[in-house]
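Asks: Fold the following and give me the result.
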Amino acid sequence: MKKLVALVVALAILAPALDAQTAKPAQTAKPAQTAQTAASFTGKWDGTLKVQQPDGSEGPARPIAFNLTQKGKDLTGTAGPPDQQLPIEKGAVAAGKATFQVQQPNGPLLKFALTIVKGRLQGDMAGEQDGVVRRQAKVDAGKAAK
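Replies: Residues are numbered from 1 along each chain as shown. Have a look, this model is predicted:
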């Protein structure tokens, strides 16, 4: 009986040590992904342009379309009303933001600064004439249906 009691006591003392040796190793937490893959601006985008009125309110939505090609940091393509696409100039992509300008034949230089937010092309447009911003607008566009 004394041997049985001694065996039970020994097992009770050694059980935590044995359990620690035979337990599965703790899974290490995977490091959080710090950078997301940047979305490409390449594609056809259809949306609206809302010009800011002199009183600060937004004007009616006007249709706008973009046909963009991104190759690394370079951005090329066209932009403007769907039926009057004009070539973009000085197109660049940096830190997830696309910037470019469009010169209207008889109008202001349009400068765009756009990002992709939840799959939508969004941002600002500024119309400059003689180096002075004459109008501003908000852009919101989604990928065009194929």
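
Asks: in which helix or strand would I find the spatially most central residue of the chain?
Replies: The centre of the chain sits closest to residue 116, judged by C-alpha atoms, centre = their mean, with a distance of 3.8 Å. For residue 116, the element it lies in under DSSP states H and E is strand 109-117.

Asks: helices or strands up against the longest strand seen in the chain?
Replies: Once the chain is assigned using DSSP state E, the strand that runs over the most residues is strand 58-71. Here strand 58-71 touches strand 43-52, strand 74-80, strand 132-143, going by 3 or more C-beta pairs under 8 Å, 6 or more residues apart in numbering; DSSP states H and E. For glycine as for every other residue, the C-beta is placed from the backbone atoms N, C-alpha and C.

Asks: Provide the contact partners of it at residue level.
Replies: Contact with strand 58-71 is made by 40-53, 75-82, 85, 88, 91, 93, 98, 121, 138-139, 141, 144, as judged by C-beta atoms under 8 Å, 6 or more residues apart in numbering.

Asks: Tell me what angle it forms with strand 74-80.
Replies: Strand 58-71 runs at 150 degrees relative to strand 74-80, counting by axes from the mean of the first three to the mean of the last three C-alpha atoms, to 10 degrees.

Asks: model confidence over strand 58-71, on average?
Replies: Averaging pLDDT along strand 58-71 gives 95.

Asks: still on that earlier bit, dump the helices and strands packed on strand 58-71 into JSON lines; add mean pLDDT as well.
Replies: Putting those into JSON lines (pLDDT from 0 to 100) gives the following:
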{"stretch": "strand 43-52", "mean pLDDT": "95"}
{"stretch": "strand 74-80", "mean pLDDT": "97"}
{"stretch": "strand 132-143", "mean pLDDT": "93"}
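
Asks: I'd like to know which of these is closest to residue 105.
Replies: Smallest distance to residue 105 across the helices and strands packed on strand 58-71 (C-beta to C-beta): 10.7 Å, for strand 74-80.
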